[in-house]
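1. A structural model of the following input is requested.
(2 chains)
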Amino acid sequence: MAIYEPEGNWWQPIHKDEKIWFILALIWMLVSFFYMPIQHFIGKQNPPTESYRVSAEDFDGLVEGMVKKYQIGTTGVDNDVPLVQPNPDEPVFLRASMWEWYPALRLEKDKTYKIHLSSMDLLHGFSIQPINLNLMVIPGYDYIANIKPTRTGDYRILCNEFCGVGHHTMVGKIEVI
Amino acid sequence: MSEMRTCESTGLKIDKTAENMVMLNVTTAIIFLAVGGAAALLVLLTRWPAIHLLPVEWYYRWLTAHGLVALIVWILFFEMALVYFGSAILLNTRIAVPILSKVVYGLMLVGVTLVAGMVLTGNADVLFTSYVPLQAHPLYYLGIILTAVGALLGFIHFFINIAVAKKEGKYKKTLPLVSFGLMAGCIIGIMTLAHGAAIYIPTFLWSLGILESIDPEAYRLVWWGLGHSSQQINVCMMVAMWYMTAAFLFDAKPLSEKLCRTAFVLYILFINVASEHHLLVDPVLSTWHKIVNTSYVMHLAVLASMIHAFAVPAAMEVALRKKGYTNGLFEWLKKAPWGNPGFSAIFISIILFGFLGGITGVIFGTEQFSIIRHNTWAITGHFHGTVVAGTTIAFMGASYQFIKIFFRRELIMPGIAKLQPFVYGLGIMMLSICMMAAGSFGVPRRHWDYNFSDAPFGYQFDPTVDVFMSLTGVGGVIATVGGAMFIVVTLGSIFAGKKIEK
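-> This next block holds a predicted model:
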């Protein structure tokens, strides 16, 4: 019984049924173990890994520089978030802060963009909907996602890491044309 | 010398001090479960779109409280009871340092009171994870540190007890399997709380202004060494409760002591670095680093759970077949004591932990799935499948058994007690599945308004999401009813149940 000390030598060979189960479980685990790295090479759903340290001031400067250069308007009557159509050959900077994604982006279909993400204050969660792709945005770090939009449309960036009472209002915009 | 009695139902020699500490910690744990459950209901009714109960500040405040109380306080107090149960009572010996067990209890209670005070006065709206640079009042961190120091001393007490027991010849070569599992939990507990100290002490100093800043990414890495590894304490202790139930109720013998013990060792060896799967979509760490730690290491820990998933029901089957339930494949299962909540809760825990919490954990912990599930409500669904449907239900089942063995009381309202694990299990199952379904559409976790009514850009999720949000609410209300049944039955029995005479 499991509540008493086992008697005699308990390092005994394992019973056949349990051995079969153990081997099946082990094989399953090995498949899972090998498949994740394999999928990393054959699949197209890997989290990006390129990242650098960056200060909030420097990153803010890069964002404002890009907005100045490529702004094509604002997002509408209710708000005045700049709408920016960046050059696919240049880095794109997207700033997270309480409680705004800045600026709104207009991207071209089938062009690959290097999107740099960083935060000015707290942790934020970069969550593109409705395609549901999620990355962490951390202050002090520049996280680079290579994104190639394959469908035109109007997308939203939600924040999905808690960042204070305005967290639920932190919604940004990406248009793909 | 310590006062001992012989237990009528198990034959164990029970030390009075050890028994009192078990009873004190179990009772405290259950009272805190009631608090955590009440907080859960408030949070749930806010996320249920038709009700949307709390204003935004109070939503995050009660969410912080719910996470801390339901995930940490209830479980940790119960685990302290298991420390004394595994290291003193099962070894027919006494608590080595009775004063230490009182210090542990006192430290944890003071710490928890501080934390709760800070959270409910709005001085710690930082959620359970308190990711820097989000800052709480210094007393919040101090409260956490005191609780953790208490728990650490409790886990260390386990080893003092077994060392003394060994010296006094209470066991010869090795611990009973249940104690072994609990010991694995204590080892992981000590490792985990080392991470806790490594992260909460600097954060406390930072909140006082002594340290200038804490790197947010380093915080996440070390914090999850605490946050996820501590769930492995819960798993070890939950699995120990599975084996204990098989032994108490059916005199079941583990099929292979060798394999079961090896499985516990796998937990100890592999869970710590595997905690890194929380950082799969973070900057800084390289791909290979993430893959090795999350895939290789995590799957060896999962293998351990697979071993227990076979060993526990198999031990029960063998024992029940010996009692004569040998017809067909499943007579033993049909004739199992489903009317005894001490059994049904444990069986529900085994099934739901594996199929709901375990499988989704393996899936969401991969690189490719993390990017489509990270920080969505699916993650919340996953850990309600592990911690609630697994650990909490197992501890509920253990509570029913402990009321008989240690409190020596009969259950009040046996009809309600009989139904309780099924009501609670059904509610949590529904809650967990519907959270995962809503999360798969991208609904964020920890979010006050998924309709984004005050946002500069509107967004509407697929209408199916509304159905799952509401069904989560329904599941949660069923679980609340089941939880309330548990609280009423157990506290009622502890304080007013009929005493079992010798």
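2. B:E79 reaches B:T192, doesn't it?
-> No. B:E79 is beyond contact range of B:T192, at 11.7 Å (criterion: C-beta atoms under 8 Å). Glycine gets a C-beta too; all of them are placed from N, C-alpha and C.
3. what residues do these two have in common as contacts?
-> Common contact partners of B:E79 and B:T192 (C-beta atoms under 8 Å, 6 or more residues apart in numbering or on different chains): B:I233.
4. can you tell me the element the nearest residue to B:H278 once chain neighbours are set aside falls in?
-> Spatial nearest neighbour of B:H278, chain neighbours left out: B:W224 (4.4 Å); criterion: C-beta to C-beta, 6 or more residues apart in numbering or on different chains. Using DSSP states H and E, the element containing B:W224 is helix B:216-227.
5. which ones are touching B:I291?
-> A:M36, A:P37, A:H40, B:E367 are the contacts of B:I291 under C-beta under 8 Å, 6+ apart.
6. for the last one, what are its contacts?
-> Residues in contact with B:E367, defined by C-beta under 8 Å, 6+ apart, are A:M36, A:Q39, A:H40, A:N46, A:P47, B:L280, B:T287, B:K290, B:I291, B:T294, B:S295.
7. one more: the third one?
-> Contact criterion C-beta under 8 Å, 6+ apart gives A:N46, B:T287, B:I291, B:E367, B:Q368 as the residues in contact with A:H40.
8. redo that, cut-off 10 Å
-> A:N46, A:P47, B:T287, B:W288, B:K290, B:I291, B:S295, B:T366, B:E367, B:Q368 (C-beta atoms under 10 Å, 6 or more residues apart in numbering or on different chains).
9. ok, now the first one?
-> Contact partners of A:M36, counting by C-beta under 10 Å, 6+ apart, are A:43, B:290-291, B:294-296, B:298-299, B:365-369.
10. in which helix or strand does it reside?
-> According to DSSP H and E, A:M36 maps onto helix A:16-42.
11. buried ones in that helix?
-> A:E18, A:W21, A:F22, A:A25, A:M29, A:S32, A:F33, A:M36, A:H40 (16 or more other C-beta atoms under 10 Å in any protein chain shown).
12. helix, strand, or coil at B:P254?
-> coil (DSSP: H, G, I helix; E, B strand; the rest coil).
13. hmm, B:A311 and it touching each other?
-> Yes. At 6.0 Å, B:P254 and B:A311 qualify as touching, with contact defined as C-beta atoms under 10 Å.
14. can I get the contacts of B:I291 in CSV with distance to A:Y143 and pLDDT?
-> Putting these into CSV (distance: C-beta to C-beta, whole Å; pLDDT from 0 to 100) gives the following:
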residue, distance to A:Y143, pLDDT
A:M36, 21, 82
A:P37, 22, 84
A:H40, 18, 87
B:E367, 15, 86
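15. which one of these is nearest to B:L53?
-> Nearest to B:L53 out of the contacts of B:I291 is B:E367 (C-beta to C-beta; 37.3 Å).
16. could I get the contacting residues of residue 127?
-> Just going to use chain A. With C-beta under 10 Å, 6+ apart, A:S127 has these contacts: A:133-135, A:137, A:156-161, A:171-172, B:374-376, B:442-444.
17. I was after chain B.
-> A:161-162, B:60-61, B:63-64, B:66-68, B:119, B:134, B:136, B:445-446.
18. do that again at 7 Å, thanks
-> By C-beta atoms under 7 Å, 6 or more residues apart in numbering or on different chains, the residues touching B:L127 are A:F162, B:Y60, B:L63, B:T64, B:G67, B:R446.
19. distance of the residue nearest to B:H278 from B:H52?
-> Using C-beta to C-beta, to the nearest Å, B:W224 is found at 31 Å from B:H52.
20. these two: who's more crowded?
-> Legend: neighbour count by other C-beta atoms under 10 Å in any protein chain shown for B:W224 and B:H52, higher for B:W224 (21 against 14).
21. lowest average confidence, helix or strand, in chain B?
-> helix B:287-291 (a mean of 83; mean pLDDT, DSSP states H and E).
22. before we move on, back to that, report pLDDT for the residue nearest to B:H278.
-> pLDDT, B:W224: 93.
23. so B:R220 sits right up against B:L279, yeah?
-> Yes. Between B:R220 and B:L279 there is a contact at 6.1 Å, judged by C-beta atoms under 7 Å.
24. so where do the strands sit in chain A?
-> A:50-53, A:71-74, A:82-84, A:92-97, A:100-102, A:104-107, A:113-119, A:124-129, A:133-137, A:141-147, A:153-159, A:171-176 (DSSP state E).
25. between those, which has the poorest mean confidence score?
-> Among the strands of chain A, strand A:71-74 scores lowest, with a mean of 90.
26. so how far is it off the chain centroid?
-> With C-alpha atoms, centre = their mean, to the nearest Å as the basis, strand A:71-74 stands 26 Å off its chain's centre.
27. that strand near chain B anywhere?
-> No. Strand A:71-74 does not reach chain B (C-beta under 7 Å from any C-beta of the partner chain); its nearest approach is 11.0 Å.
28. and that strand, C-alpha only, in CSV?
-> Output of strand A:71-74 as CSV, limited to C-alpha atoms (Å, rounded to 0.1, in the frame of the first residue of the first chain):
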residue,chain,number,x,y,z
GLN,A,71,2.2,59.9,-42.8
ILE,A,72,-0.6,59.9,-45.4
GLY,A,73,-3.4,61.2,-43.2
THR,A,74,-5.2,60.4,-40.0
